[in-house]
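Peer 1: What follows is a predicted structure for the sequence shown.
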Amino acid sequence: MSLFADLLPAEPTSRRIVVGFTIAMLLVSVGFGMALYSYDESKRDNQRINHTFTVINAIGNVVSLLKDVETGARGYAATGLTSFLEPYQNARPQLVPNLNSLDSLLADNPVQRRASRQLRQFVLAKLATTDRQIRVGRQDTDSVRRAYLLEGKVRMDHVRQLSGVMIRHEYVLLAQRNARASRSYRNGLVVTFFLALTTFITLIILYNMLTTELRRRAENEQQLRTYEADLTTKLNQLEISNQELERFAFVASHDLQEPLRKISSFGTLLNERYGTVFDNDGRSFLGKMLSAAERMSTLIQDLLNFSRLANQPESFQFLPLSDVINRVIAELDLPLKETNAMIEVGPLPSLEMVPPQLEQLFSNLINNAMKYHRPDVVPHIQITADSVPGAAYPTLQPDQLYYQIFVTDNGIGFNEKYIDRIFNIFQRLHTKQQYEGTGIGLAICKRVVAYHQGYLTAHSQEGVGSTFVVVLPERQI
């Protein structure tokens, strides 16, 4: 991986990509938030600056109006002509509203608010002097008029001086607010640049990681395609091999039956016609030959049944399982009577099945229950069923309904450590001398259950009995 990818902790690539995108989105969100905050701050700073200019203009308007009042009064006092009173008459009504407006503009500044109150006093005092000066006009003596002029000048100077102080104060605020606005703008630029740079670096890292990940996945996908092609080839070869083996077993079994039937037939004829001629050893040898031929015939027939399951697939039907069990019990009527076996069958469900295969399955299980019974104990076989979700067993579909069918006996049982062996073909836990059999019956059961997409297992205790559990789906997928 490149240098950028190495900057992040050594975690799974997908997780690092998610973390990287989260960081990038966080940075973009922070940048957006900072941009909004900077915009708001800039807007507030501009409002403060504009407010300062408005205050300065308002103070200037008051002073300008007062100057108009003084000009009009002086002109009238000097000439006695009422035409000179026009500036006074225009300006005087505007002074109080302008003072009120100035007070509202300075409501947030205690220092300026106090100065504004004092300015109002100076202005009102100046107006009072001017009003008296106009009323006196040219009727008074020069000394009186001069006194009014001097008093008006003094009060006007107070107004000019105080307004100048207030304007200078506003210019100080203006300088501070300009500096703050510049600083806020500069800080916003720095933060925005930093966030943009960090986001850019993060995106470069993510791009590098994504490119690496996509390249790795492309390589993995190519490898998987190669593996899939190899696996498909091997599966096809295996399928061909299995088909050849199945055909070989099927054909070989048929071909073996013919000489075996001849051995059995001629052995029987030999025993019937010349049995009295043989001595005890001869009769013993002939009996063993016939017994071996019978076992060989049974083994070949079981092999045929096992091979037929793979070579002759059959269609499924939705039928009551009880019909299958009843047919099996009817076919096993003679062995059941010979062993005095008791069979109890509980309520059974209806399933989608291949009836001949399930007949063979339960026939093998019931035969085993009768075969492996305890001496001097009457075989007792119970067949029950209940529903179960697919999640209860491995390899089954979790969201599908299944039924587990229990075939329980009171036979000799077996050690559960051999549970994996008993379902393999030709696997036996006892010798032929102890119990007859070919070792194919349970293998056939396993193949039938697999064909029905089910599950087969068993529970057992030596000397107590066994329970074979057949798990089958209600419906085939």
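Peer 2: Received it, and whenever you're ready, just let me know what you need. Predicted model, so just to flag it, every value in this text is computed and none were measured.
Peer 1: which SSE is the closest residue to Asn109 other than its chain neighbours in?
Peer 2: Excluding its sequence neighbours, the residue lying closest to Asn109 (Cβ to Cβ, 6 or more residues apart in numbering) is Leu173, at 8.0 Å. All C-beta atoms are positioned from the backbone trio N, CA, C, and that covers glycine. Per DSSP states H and E, Leu173 falls inside helix 142-274.
Peer 1: That helix - contacts with which helices or strands?
Peer 2: Identification of packing neighbours for helix 142-274 by 3 or more Cβ pairs under 8 Å, 6 or more residues apart in numbering; DSSP states H and E yields helix 3-6, helix 13-79, helix 110-136, helix 280-311.
Peer 1: distance between it and the chain's centre?
Peer 2: Its chain's average C-alpha position is 14 Å from that of helix 142-274, according to Cα atoms, centre = their mean, to the nearest Å.
Peer 1: how far off helix 110-136 does that helix point, in degrees?
Peer 2: Counting by axes from the mean of the first three to the mean of the last three Cα atoms, to 10 degrees, helix 142-274 lies at 150 degrees to helix 110-136.
Peer 1: from now on call the first residue 63
Peer 2: From this message on, residue numbering opens at 63, which makes the last subject helix 204-336.
Peer 1: now the angle from helix 204-336 to helix 75-141?
Peer 2: Per the same axes, to 10 degrees, the angle that helix 204-336 makes with helix 75-141 is 170 degrees.
Peer 1: Quick check: mean pLDDT of helix 204-336?
Peer 2: With pLDDT averaged residue by residue, helix 204-336 scores 79.
Peer 1: Which of the helices or strands spans Thr519?
Peer 2: Counting by DSSP H and E, Thr519 is part of strand 517-523.
Peer 1: out of the helices and strands packed on helix 204-336, nearest to Arg248?
Peer 2: Nearest to Arg248, of all those, is helix 75-141, at 10.3 Å by Cβ to Cβ.
Peer 1: just checking, what packs against that closest one?
Peer 2: helix 148-167, helix 172-198, helix 204-336.
Peer 1: With mean neighbour count added, can I get the ones you listed in CSV?
Peer 2: Shown next, in CSV, are the helices and strands packed on helix 75-141 (neighbours: other Cβ atoms under 10 Å):
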stretch, mean neighbour count
helix 148-167, 16
helix 172-198, 17
helix 204-336, 14
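Peer 1: Quick one: closest of these to Ser91.
Peer 2: Across the helices and strands packed on helix 75-141, Ser91 has its closest neighbour in helix 204-336 (9.9 Å, Cβ to Cβ).
Peer 1: re earlier: could the helices and strands packed on helix 75-141 be laid out in CSV, adding distance to Ile467?
Peer 2: Formatted as CSV, the helices and strands packed on helix 75-141 follow (distance: least, Cβ to Cβ, whole Å):
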stretch, distance to Ile467
helix 148-167, 94
helix 172-198, 95
helix 204-336, 28
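Peer 1: looking at those, which is closest to Glu400?
Peer 2: helix 204-336 (22.6 Å).
Peer 1: Just name the shakiest helix or strand of this structure by mean pLDDT.
Peer 2: Lowest on mean pLDDT, DSSP states H and E among the helices and strands of the chain sits helix 65-68, with a mean of 41.
Peer 1: With just CA atoms, put the strand holding Thr519 into CSV.
Peer 2: C-alpha atoms of strand 517-523 as CSV (Å, rounded to 0.1, in the frame of the first residue of the first chain):
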residue,chain,number,x,y,z
TYR,A,517,-31.0,-34.4,7.7
LEU,A,518,-30.3,-37.7,9.3
THR,A,519,-28.9,-38.4,12.8
ALA,A,520,-29.2,-40.7,15.7
HIS,A,521,-29.1,-40.9,19.5
SER,A,522,-28.3,-44.1,21.3
GLN,A,523,-27.2,-45.7,24.6
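Peer 1: after it, next one along is what?
Peer 2: Moving toward the C-terminus from strand 517-523, the next helix or strand (DSSP H and E) is strand 527-535.
Peer 1: What pairs with that following strand, parallel or antiparallel?
Peer 2: strand 463-470 (antiparallel), strand 517-523 (antiparallel) (DSSP bridges).
Peer 1: I figured the residue nearest to Asn171 hits His113, correct?
Peer 2: No: counting by Cβ atoms under 8 Å, Leu235 does not reach His113; the two are 9.0 Å apart.
Peer 1: Leu127 and Asn160 touch, don't they?
Peer 2: Yes: contact criterion Cβ under 8 Å: Leu127 and Asn160 qualify, at 6.3 Å.
Peer 1: For Asn119, give me its contacts.
Peer 2: Under the criterion of Cβ atoms under 8 Å, 6 or more residues apart in numbering, Asn119 has no neighbours.
Peer 1: If we use 10 Å, what do you get?
Peer 2: 126, 164, 167, 229, 232 (Cβ atoms under 10 Å, 6 or more residues apart in numbering).
Peer 1: What does the pLDDT read for the second one?
Peer 2: Among the per-residue scores, Leu164 shows a pLDDT of 85.
Peer 1: Then the one 5 residues further on?
Peer 2: On pLDDT, Ala169 comes in at 86.
Peer 1: mind checking how far the closest residue to it other than its chain neighbours is from Ala447?
Peer 2: Spatial nearest neighbour of Ala169, chain neighbours left out: Arg175 (6.6 Å); criterion: Cβ to Cβ, 6+ apart. Applying Cβ to Cβ, to the nearest Å, the value for Arg175 to Ala447 is 96 Å.
Peer 1: Over to Ala140?
Peer 2: Ala140 sits 129 Å away from Ala447, going by Cβ to Cβ.
Peer 1: Same drill for the two, tell me which one is more crowded.
Peer 2: Legend: neighbour count by other Cβ atoms under 10 Å for Ala140 and Ala447, higher for Ala447 (19 against 12).
Peer 1: Next, show the common contact partners of Leu127 and Asn160.
Peer 2: 153, 185.
Peer 1: Could you tell me the least trusted of the strands paired with strand 527-535?
Peer 2: strand 517-523 (a mean of 88).
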